[in-house]
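Novice: test case, fold it:
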Amino acid sequence: MLDSLKIQNRLKLRHLTLLIALDESHSLHKAAERMNLSQPSLSKMLQDVEHALETPLFDRTPHGVHPTASGVLAARYARLILNDLDRMQRDIDHMRNGVAGSVRLGAIVAGLPRIVSPAMAQVAVTAPHIAMSLHMDTSDALMVGLRSGRYDFVIGRTLGLDRNPGLTCLELGAEPLCVVVGRDHAPEDAGNLTLADLVTWNWVLQTAPSPMRRAVEAAFTMALLPAPLCPVEVSSMFATADLLRHAPLLSVMPCDVAEHYENSGIIKKLSVPMPDLLGHFFLITMDERPLTPAALHVRGAILAQVIGNPDRPFPICS
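Specialist: Next comes the predicted model:
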């Protein structure tokens with residue numbers, strides 16, 4: 001068994017940076033350039049790390065370097081350590097400037113209008129000493145960020161990981177979908193439109209293989225229709241709404257988001273029924289990383305937005 005004190009004495013922060021650079025580039029040459037080192041120096045540094053951990057971390061091949069199972073694990077922990085150090089530095093800076101902690105959260109767009117934005121706005125007014133950072137992304141990308149330590153917690157779908165013993169997730173709400181069109185390009189809608197009525201339209205959809213993209217394609221399959229014509233893929237709801245302003249295109253959005261843009265006069269929701277394929281979304285944390293007081297405060301504000309009572313128990317994902 002490895003001696004942890006021995007590892008602490010041998011490993012340096014540069015070694016952790018090296019592991020990440022090699023894991024991302026799969027190239028000694030590119031990693032050396034990134035770290036401003038000669039390739040022989042980088043190779044020697046890698047040997048030192050492997051000697052300290054007493055196991056090969058990367059396989060050297062004519063086509064580059066590829067992490068072993070131990071290398072994947074080492075790179076993951078290197079990211080966690082460096083992310084924690086970055087957070088420590090930011091928290092120290094914030095404390096020096098009178099701020100009592102920082103919180104990094106990620107969220108899918110469906111959680112923004114009714115939950116995340118009101119909660120963060122409330123915290124910004126009532127607890128301005130907390131510095132908050134919000135990153136919007138798809139659920140799969142958010143889960144990667146949560147596991148790497150980039151976020152304190154995320155709001156998204158569990159993607160089948162809800163039975164993972166390392167996660168705690170609290171159900172926040174459903175994510176019904178609506179078919180939308182630009183306000184100036186809307187077809188006649190007497191309240192009984194179906195996907196079959198719109199099969200000849202061009203669509204703007206989320207980039208594949210996002211959960212929302214899969215849900216839209218599954219809806220067409222369930223209706224025994226060909227896949228929607230999709231000349232444009234985007235990952236941003238703002239970009240989607242802006243595209244719909246300029247051309248007769250259709251798209252699908254979470255209904256809360258669609259309502260926001262409809263109230264702004266940009267798009268119109270259509271009466272097309274969409275099956276509930278995305279299910280619920282959750283507030284997800286990692287059990288191995290307890291939340292700081294600042295993160296707990298923001299988490300409480302988010303939960304209070306959902307039910308108006310932060311002390312009420314939430315459904316646990318199962």
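Novice: what strand or helix carries Arg79?
Specialist: helix 69-96 (DSSP states H and E).
Novice: just the buried positions in that helix, please.
Specialist: Buried residues in helix 69-96, counted by 16 or more other C-beta atoms under 10 Å: 71, 74-76, 78-80, 82-83, 87, 90-91, 94. Where C-beta positions appear, they are placed from N, C-alpha and C, glycine not excepted.
Novice: mind putting these into TSV with pLDDT?
Specialist: Output for the buried residues of helix 69-96, formatted as TSV (pLDDT from 0 to 100):
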residue	pLDDT
Gly71	94
Ala74	93
Ala75	93
Arg76	91
Ala78	92
Arg79	91
Leu80	88
Leu82	90
Asn83	86
Arg87	77
Arg90	76
Asp91	73
His94	64
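Novice: distance to Glu54 added to those, as TSV?
Specialist: Putting the buried residues of helix 69-96 into TSV (distance: C-beta to C-beta, whole Å) gives the following:
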residue	distance to Glu54
Gly71	13
Ala74	12
Ala75	17
Arg76	18
Ala78	17
Arg79	21
Leu80	21
Leu82	22
Asn83	25
Arg87	30
Arg90	34
Asp91	34
His94	39
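Novice: which single one of the residues you listed is nearest to Thr221?
Specialist: Closest approach between these and Thr221, by C-beta to C-beta: Arg76, at 36.1 Å.
Novice: from Ala208, how far off is that closest one?
Specialist: Look at Arg76 and Ala208: by C-beta to C-beta, to the nearest Å, they are 26 Å apart.
Novice: next one: Val179
Specialist: 19 Å.
Novice: likewise Met88?
Specialist: Met88 sits 38 Å away from Ala208, going by C-beta to C-beta.
Novice: looking at Val179 and Ala208, which is more packed in?
Specialist: Val179 (25 against 10; other C-beta atoms under 10 Å).
Novice: the closest residue to Glu262 other than its chain neighbours: how many residues sit nearby?
Specialist: Of all residues not flanking Glu262 in the chain, Lys269 sits nearest, at 5.7 Å (C-beta to C-beta, 6 or more residues apart in numbering). Lys269 has 17 neighbouring residues, counting by other C-beta under 10 Å.
Novice: mind checking pLDDT for the residue lying closest to Met222 once chain neighbours are set aside?
Specialist: What sits nearest to Met222 in space, not counting adjacent residues and going by C-beta to C-beta, 6+ apart, is Pro275, at 6.2 Å. If you check Pro275, the pLDDT there is 88.
Novice: now do the contacts for Pro275.
Specialist: Listed by C-beta atoms under 8 Å, 6 or more residues apart in numbering, the contact set of Pro275 reads 218-219, 222.
Novice: any chance of JSON lines for those residues, columns distance to Ser236?
Specialist: Shown next, in JSON lines, are these (distance: C-beta to C-beta, whole Å):
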{"residue": "Ala218", "distance to Ser236": "22"}
{"residue": "Ala219", "distance to Ser236": "21"}
{"residue": "Met222", "distance to Ser236": "27"}
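Novice: would JSON lines of those residues with secondary structure and distance to Val144 be doable?
Specialist: Shown next, in JSON lines, are the contacts of Pro275 (DSSP: H, G, I helix; E, B strand; the rest coil; distance: C-beta to C-beta, whole Å):
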{"residue": "Ala218", "secondary structure": "helix", "distance to Val144": "23"}
{"residue": "Ala219", "secondary structure": "helix", "distance to Val144": "27"}
{"residue": "Met222", "secondary structure": "helix", "distance to Val144": "29"}
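Novice: buried subset of those residues?
Specialist: Going by neighbour count (16+ other C-beta under 10 Å), the contacts of Pro275 have Ala219 buried.
Novice: of the contacts of Pro275, which is the nearest to Asn192?
Specialist: Asn192 lies nearest to Ala219 out of the contacts of Pro275, by C-beta to C-beta, at 16.9 Å.
Novice: now do the helices in the chain.
Specialist: Assigned by DSSP state H, the chain shows helices spanning 4-10, 13-25, 28-34, 39-53, 69-96, 117-126, 139-147, 211-222, 237-246, 255-263, 293-307.
Novice: compare the mean pLDDT across the ones you listed and name the weakest.
Specialist: Ranked by mean pLDDT, the helices of the chain bottom out at helix 4-10, with a mean of 78.
Novice: can you show me the strands along the stretch 151-300 of the chain?
Specialist: Per DSSP state E, counting those that start in this stretch, the stretch 151-300 of the chain carries strands over the ranges 153-156, 167-174, 177-182, 202-206, 229-234, 250-254, 267-269, 280-286.
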